[in-house]
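> Build me a model from this:
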Amino acid sequence: MTRLAATDAARAARVLSEVRDATLSGQRAPFTPRPVIEESWGRMLRSGVDPEHDFRSRLLTAEEVRRRREESPLRHVLPVLREGLVSVADAAHHIMVVADADGRVLWREGSAAVLRKADALGFLLGADWHENTVGTNGVGTPAVVRRPVQVFAAEHFVRSHATWTCAGAPITDPRDGRLIGVVDVSGPLETMHPATLAWVDSVAKLAEARLRELHLTALERLRAVAAPALARLGGRAVVVDRDGWTAAVTGMPYTNRIALPKSLSAGRRWLPGLGSCVVEPLAGGWLVRPAEDEPVPRGGTTRVVLDLAQPRRWTVTVSGSLGSWTHELSPRHAELLYLLAVHRSGRSAAGLAEDMFGDARRRVTVRAELSRVRRYLGGLLEHRPYRFSDDVEVTVLPPADPRDLLPHSTAPAVIRARQAAALP
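Numbers count the residues shown, from 1 in each chain. Below is the predicted model:
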């Protein structure tokens, strides 16, 4: 189909329209859609998106668009995106669209004629192009699957979008893998080119490299600020940026990152992996000194909430007597914590290896991943067997449709859970 679209876009569009109509009506199609498209259509059918009617949510106000632009890390890489995409997109009758992690369009640039056509589709500043709102598309679908996706013609779930071709790539924060947005190049059907996706993905990776460079520069500045303070101190101390990344350390082992509460303030605080600490503000970060003379407070009930409700935006939130903090999870850590939440009595390393890989011999991999998990959950996890501590209250927030549980996981135990949910 890709080869056909490159040589005869109109014919390819007609064939895809037949495939779409047959697939959505439950009839036999000439051939099956690409897996990424078929999976997206399945999500849309389960979530109730209407394939025959264009739904448009309320646009963000100009003030809200301005606020999101100012707060988004994407503003730092706009020059990279513009240099890599806009001039070529304009000449090729495309537009570049940059959306945030919520699928909200924050920037649009490129061909004036195509921008006017995009207006008619509702592809406007402040518009919501999340997959759950407008169906399979080059902004919302890459955000869900976390990889580049090209959506051509009737691969779009909503029929009115079938005159367009879109290629989008996610942009993630290199510090923690968190999705911060999507860059997309879109245009009329006849502008489709099979190399567009690779082009967009390459520029997205350049943007991520620029973010990584900016982060390292910020850590160097913080290290220079921290040097005089550390020189005056005795004992153990670590200087971290606002996200917990280590700039300097003295008297204690170096670790790349410390898990910090979402709203950290100066004073005595309990931090995972360090226990009771004295926290002091620095320009661009924090000075953290472990308070070795005080035990780690464990009064009251500690609650752990594993939120798996949103596709690819999984978090663990810990709440207790000293406040709460949230950590975004990688796919592997989301799988591990889900399995431990299901098996409160615990699982051995071999059992978890069987659950995750179908191979009990991969115990070393499981132990290594759990060692990383313990860096931010600390004493909330026990071992021999691996489990949540008995005094921890654990809650799992599943997706609205249980069949969407960790949708791209290949762990046998997760697949069995999805299959069980699909049974009548």
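> And the average pLDDT for the longest helix belonging to the chain is what?
For the chain, the helix reaching the highest residue count under DSSP state H is reported as helix 196-232. Across helix 196-232, the average pLDDT comes to 92.
> Just the residues contacting the helix or strand following it, thanks.
Counting by DSSP states H and E, the next helix or strand C-terminal to helix 196-232 is strand 237-241. Under the criterion Cβ atoms under 8 Å, 6 or more residues apart in numbering, residues 218-219, 222-223, 226, 229-230, 246-252, 255, 257-258, 260, 282, 284-289 lie in contact with strand 237-241. Any C-beta I mention is one placed from the backbone N, CA and C, and that applies to glycine too.
> My read is that L197 contacts R147, right?
No - L197 is beyond contact range of R147, at 10.3 Å (criterion: Cβ atoms under 8 Å).
> so P398 touches L405, yeah?
Yes - using Cβ under 8 Å, P398 makes contact with L405 at a distance of 6.0 Å.
> Report whether C277 is found in a helix, as I expect.
No - if the criterion is DSSP: H, G, I helix; E, B strand; the rest coil, then C277 is strand and not within a helix.
> Let's see the pLDDT reported for it.
Reported pLDDT for C277: 87.
> One more: N256?
Looking at N256, its pLDDT is 87.
> Could you measure from the most centrally placed residue in the chain over to P73?
Closest to where the C-alpha atoms of the chain average out (Cα atoms, centre = their mean) is L179, at 3.6 Å. When distance is defined by Cβ to Cβ, to the nearest Å, L179 is 11 Å away from P73.
> what comes up buried for the longest helix of the chain?
The neighbour-count check on helix 196-232 (16 or more other Cβ atoms under 10 Å) flags 196-197, 199-201, 203-204, 207-208, 210-211, 215, 218-219, 222-223, 225-226, 230 as buried.
> And for stretch 66-80?
R68, R69, S72, P73, L74, V77, L78, V80.
> which residues are in contact with it?
Against stretch 66-80 from outside (Cβ under 8 Å, 6+ apart): 60, 98, 100, 104, 106-107, 171, 173, 180-181, 203, 206-207, 210-211, 214.
> what two of those have the greatest distance between them?
Greatest spacing in these, by Cβ to Cβ: L60 and L206 (27.4 Å).
> re earlier: so for L179 and P73, which residues contact both of them?
Common neighbours of L179 and P73 (criterion: Cβ under 8 Å, 6+ apart): D173.
> quick one: contacts for the closest residue in space to A422 that isn't next to it in sequence?
Nearest non-adjacent residue to A422, counting by Cβ to Cβ, 6 or more residues apart in numbering: R403, 5.3 Å away. Listed by Cβ under 8 Å, 6+ apart, the contact partners of R403 are R46, R418, A421, A422.
> Just the buried ones among these, please.
Buried among these (16+ other Cβ under 10 Å): R418.
> Okay, and which of the contacts of R403 map to helices?
If you go by DSSP H, the contacts of R403 have R46, R418, A421, A422 in helices.
> just to revisit the earlier point, P398 and L405 - which one has more neighbours?
Shown here are P398 and L405; by other Cβ atoms under 10 Å, L405 has more neighbours (19 against 16).
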